[in-house]
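Asker: Model the following, please.
(chains A and B)
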Amino acid sequence: MTTLDALLLDYPAYLHGLWLTLQLATIPLVVGLAGAIPLAVLRIAPSRLLSLPVATFTYFMRGTPMLAQLMIVYYGLGQFEWMQRAWQNGSPLLLLLRDPYYCALLAFTLNTCAYTTEILAGALRATPYGEVEAAQAFGMSRVTAWRRILLPSAMRRFIPAYSNEVILLLHGTSIASAVTLVDLTGAARDFYANYYAPFAAFLLAGAMYFCLTMAIAVVVRRAEKKYLAYFQPRQTPHAKGR
Amino acid sequence: MIDLMLSGYLPALLRGAEITISLAVLSLGLSIFLGLVGALAKQSRSRLLRGLSTIYTTVIRGVPEFVLMLLIFYGGQIFLNLLFKAMGLHPPDLNAFLTAVLTIGFIFGAYFTETFRGAILAVPRGQMEAALAFGLPQWKAFFRILFPQMLRIALPAAGNNWLVLLKSTAVASLIGLHDVMFIADQAGRVTQTPFTFYLAACIVYLVLTTGSTRLLNRLNLSYSKGVREGRLQ
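Answerer: Below is the predicted model:
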């Protein structure tokens, strides 16, 4: 059997892997972003009591490799007796942490949440002071000003840096096979192990990651065009006509 | 429960840390070299060089490093086998450390290419023109005039690349390199205290990243001595 025959035979494994990779990237990104919005607000709070816990969290998550975080969640937590007891008693929530899928989701979510928090906090700090003043001049309450002015304005500035984080996380999920999950990289490793054909195995997986990355880049460019339109150089009617 | 010697594994863990550091530093050197070459290729008049460097940065930044590492580690072994058998020699085993240095250096070379390209573009054109007008040869003008100014502009992004690179070395433990992550993994399994050992590895990385950040801030300050930031009172 040639390598190509094997690939044709094995392509469903790659598609399953692709599907798992998409889940492992998308769910943490959505949950992480949702968590990052309140955390970023706390991160830039003037009170140290509010900002320090968030800063500690982002310091740890951004200072250590995601692989170590994944290993701590999947292999590490079983070291504790209370955790083992909870597993024996069948605590439904903690039992999820015996499943590598949920462990990977948790580790990736915490990781991307930390990076996103810092990116968003940076975007919030860069808010032109005039916008705050204008909101106050309109008599907006603090909550309204945050909701209507500060957050939407920061979210726009946040897009370019965040698109990097999206791609980094997508690529980061490739370590999921370290906790026995068969994601896209896992499927490629299985293929290599079965057929000893590293080029076919990893080039195909690499090409699929590459297409995903390009797709993200296209979406981001569209989003930038829409939400950051006022940052783009003005087009003269003459230039438009060409 | 937590003993400071980590059940006697502390020395092994520190040796692992040494491997992590040497892997990161060697990869950094390779990636800076490739980054400079790539950035110059992107500025070059030759279409071929520009095209090649664009393919390099686009493809490498579109594929996860772990996949590339697996490709180079396993694919490289087959390549070596074929090559050495063709020469009638016994093929050597591909070393995990060398593979990791080559892969990580090659990947981050793409990121450094983009960093240096942006920095070169940010140096006013007149600087290079003036240097050439003074009769400096091209290479001297680059190393004496453009490079030092570029370095200051590139430093923040380059520092960021370094931090990402440092953390990404952990992935090399998955192809069997005995770095700090690998040792922590093994020790955790043997002593059945994985949490303690992964946390110890995390502390090693935290010390390294924190130290690097401090150093980078200082470097940044000293490189930017001659620059005054426009700031409102």
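Asker: Let me see the contact set for the most centrally placed residue in chain A.
Answerer: The C-alpha lying nearest the average C-alpha coordinate of chain A belongs to residue A:29 (C-alpha atoms, centre = their mean; 3.7 Å). Contacts for residue A:29 were tallied using C-beta atoms under 8 Å, 6 or more residues apart in numbering or on different chains; they are A:112, A:166, A:169. (Glycine included, C-beta is placed from N, CA and C.)
Asker: So which bits of chain A are right by chain B?
Answerer: A:59-60, A:62-69, A:71-72, A:75-80, A:167, A:170-175, A:178, A:185, A:188-189, A:192, A:198-199, A:202-203, A:205-206, A:209-210, A:213-214 (C-beta under 8 Å from any C-beta of the partner chain).
Asker: quick one: which of these sit in strands?
Answerer: Members of those lying in strands (criterion: DSSP state E): none.
Asker: quick one on the thing from earlier: which one (most neighbours) among the contacts of residue A:29?
Answerer: residue A:112 (27 neighbours; other C-beta atoms under 10 Å in any protein chain shown).
Asker: OK, contacts around residue A:160?
Answerer: A:220, A:224, A:228.
Asker: Poorly predicted segments of chain A, please.
Answerer: A:1, A:231-242 (pLDDT under 70).
Asker: chain center to the longest helix seen in it: distance?
Answerer: Taking DSSP state H as the criterion, chain A has its longest helix at helix A:3-43. The chain centre lies 9 Å from the centre of helix A:3-43; the measure is C-alpha atoms, centre = their mean, to the nearest Å.
Asker: Check stretch B:187-206 too.
Answerer: Taking C-alpha atoms, centre = their mean, one finds the center of stretch B:187-206 at 25 Å from the center of the full chain.
Asker: pLDDT on it, on average?
Answerer: Stretch B:187-206 carries an average pLDDT of 94.
Asker: circling back to that earlier point, how about CSV for the contacts of residue A:29, with distance to residue B:120 added?
Answerer: Listed next are these as CSV, based on distance: C-beta to C-beta, whole Å:
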residue, distance to residue B:120
A:112, 32
A:166, 28
A:169, 30
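Asker: So which of these is the closest to chain B?
Answerer: Taking C-beta to the nearest C-beta as the measure, chain B sits nearest to residue A:169 out of the contacts of residue A:29, at 10.5 Å.
Asker: Verify the stated contact: the closest one with residue A:108.
Answerer: Yes - counting by C-beta atoms under 8 Å, residue A:108 is a contact partner of residue A:169 at 6.6 Å.
Asker: Can you work out which residues contact both of those two?
Answerer: With contacts defined as C-beta under 8 Å, 6+ apart, the residues shared by residue A:169 and residue A:108 are A:25, A:28.
Asker: buried residues in stretch A:78-90?
Answerer: Buried residues in stretch A:78-90, counting neighbours by 16 or more other C-beta atoms under 10 Å in any protein chain shown, are found at A:79, A:83, A:86.
Asker: outside of it, which residues touch it?
Answerer: By C-beta under 8 Å, 6+ apart, stretch A:78-90 touches A:77, A:94, A:95, A:97, A:98, B:192, B:193, B:194, B:195, B:196.
Asker: hmm, which of those are the buried ones?
Answerer: A:77, A:94, A:97, B:193, B:194, B:195, B:196.
Asker: Just give the number of residues close to the nearest residue to residue A:62 once chain neighbours are set aside.
Answerer: What sits nearest to residue A:62 in space, not counting adjacent residues and going by C-beta to C-beta, 6 or more residues apart in numbering or on different chains, is residue A:114, at 5.6 Å. By other C-beta under 10 Å, the residues close to residue A:114 number 23.
Asker: what about the top helix by length along chain B and chain A, touching?
Answerer: Identified as the longest helix of chain B according to DSSP H is helix B:10-43. No - applying C-beta under 8 Å from any C-beta, one finds helix B:10-43 separated from chain A by no less than 9.9 Å.
Asker: hang on, the earlier thing: nearest to residue B:200, of the contacts of residue A:29?
Answerer: Nearest to residue B:200 out of the contacts of residue A:29 is residue A:112 (C-beta to C-beta; 24.5 Å).
Asker: Just give the nearest non-adjacent residue to residue B:26, would you?
Answerer: residue B:101 is the one closest to residue B:26 (C-beta to C-beta, 6+ apart), at 4.8 Å.
Asker: circling back: now go through the buried residues of stretch A:78-90 and say which are in helices.
Answerer: Short answer: those in helices (DSSP H) are A:83, A:86.
Asker: Next, format the buried residues of stretch A:78-90 as CSV and append distance to residue B:120.
Answerer: Output for those, formatted as CSV (distance: C-beta to C-beta, whole Å):
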residue, distance to residue B:120
A:79, 50
A:83, 53
A:86, 57
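Asker: Which member of the buried residues of stretch A:78-90 is positioned nearest residue B:51?
Answerer: residue A:79 (52.6 Å).
Asker: how close does the closest one get to residue B:196?
Answerer: 7 Å (C-beta to C-beta, to the nearest Å).
Asker: same deal with residue B:56?
Answerer: 42 Å.
Asker: what residues are up against residue B:99?
Answerer: Applying C-beta under 8 Å, 6+ apart, the residues near residue B:99 are B:69, B:72, B:73, B:76, B:172, B:175.
Asker: can you do 6 Å?
Answerer: B:72, B:73 (C-beta atoms under 6 Å, 6 or more residues apart in numbering or on different chains).
Asker: Also residue A:58?
Answerer: A:114, A:117, A:118.
Asker: Same question for residue A:119.
Answerer: Per C-beta under 6 Å, 6+ apart, neighbours of residue A:119: A:161, A:162.
Asker: Run a quick neighbour tally on the nearest residue to residue B:159 once chain neighbours are set aside.
Answerer: Nearest residue to residue B:159, sequence neighbours excluded (C-beta to C-beta, 6+ apart): residue B:216, at 4.0 Å. If you count neighbours by other C-beta under 10 Å, residue B:216 ends up with 17.
Asker: Confirm for me that residue B:216 is in contact with residue B:161.
Answerer: No - Residue B:216 is beyond contact range of residue B:161, at 10.9 Å (criterion: C-beta atoms under 6 Å).
Asker: quick one: low-confidence parts of chain B?
Answerer: B:1-4, B:229-233.
Asker: so how far is residue A:158 from the residue most central in space within it?
Answerer: The centre of chain B sits closest to residue B:28, judged by C-alpha atoms, centre = their mean, with a distance of 3.5 Å. Going from residue B:28 to residue A:158 by C-beta to C-beta gives 29 Å.
Asker: Off-centre distance for the longest helix of chain B?
Answerer: 4 Å.
Asker: buried stuff in it?
Answerer: B:12-13, B:16-17, B:19-21, B:23-24, B:26-28, B:30-32, B:34-42.
Asker: Report the angle between whichever helix or strand comes after it and helix B:10-43.
Answerer: Helices and strands here follow DSSP states H and E; after helix B:10-43, the next one along the chain is helix B:47-61. Taking axes from the mean of the first three to the mean of the last three C-alpha atoms, to 10 degrees, one finds helix B:47-61 and helix B:10-43 inclined to each other by 150 degrees.
Asker: Other residues contacting the helix or strand following helix B:47-61?
Answerer: For helix B:47-61, the following helix or strand on the C-terminal side (DSSP H and E) is helix B:65-70. For helix B:65-70, the external contacting residues (C-beta under 6 Å, 6+ apart) are A:174, A:175, A:185, A:202, A:205, A:206, B:103, B:107, B:168, B:171.
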